[in-house]
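A.B. asks: Provided below are the primary sequence and the corresponding predicted coordinates.
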Amino acid sequence: MRGLQQDGWYQARKTKKHRIIKHQGKPGSVPVPGNPGDDMPPGTYANIRRLAGLK
């Protein structure tokens, strides 16, 4: 998640199970499951990076 924040992504809103992040200069949003500090499977993290355009 730190890599996304360093790229300019911020938490736009939060639901019970997901955080929705957005970027000022990029269209759309990316759902991030879990709460801060929760472990995330490597495949989930890779998919989030792909959706954010970082990979």
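C.D. replies: Now that the structure is in, tell me what you want to look at.

A.B. asks: Pick out the residue closest to the middle of the protein.
C.D. replies: residue 32 (4.6 Å; CA atoms, centre = their mean).

A.B. asks: What segments of this protein are strands?
C.D. replies: 9-14, 18-23, 29-33 (DSSP state E).

A.B. asks: Show me what the helix or strand of the chain with the lowest mean pLDDT is in contact with.
C.D. replies: Taking mean pLDDT, DSSP states H and E as the measure, helix 2-6 is the helix or strand of the chain with the lowest mean score, a mean of 88. By CB atoms under 8 Å, 6 or more residues apart in numbering, the residues outside helix 2-6 that reach it are 21, 30, 48, 49, 52, 54. Placement of C-beta: from N, CA and C, glycine included.

A.B. asks: and what of stretch 24-42?
C.D. replies: Contacts to stretch 24-42, defined as CB under 8 Å, 6+ apart, come from residues 1, 4, 8-9, 12, 17-22, 44, 48, 51-53.

A.B. asks: Only whichever of these are buried, select them in ChimeraX.
C.D. replies: Remark: buried members of those, expressed as a ChimeraX selection using 16 or more other CB atoms under 10 Å:
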select :1,4,9,19,21,48,52
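
A.B. asks: about what we covered before: could you export the contacts of helix 2-6 as TSV, including distance to residue 36?
C.D. replies: Formatted as TSV, the contacts of helix 2-6 follow (distance: CB to CB, whole Å):
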residue	distance to residue 36
21	12
30	15
48	14
49	17
52	17
54	19
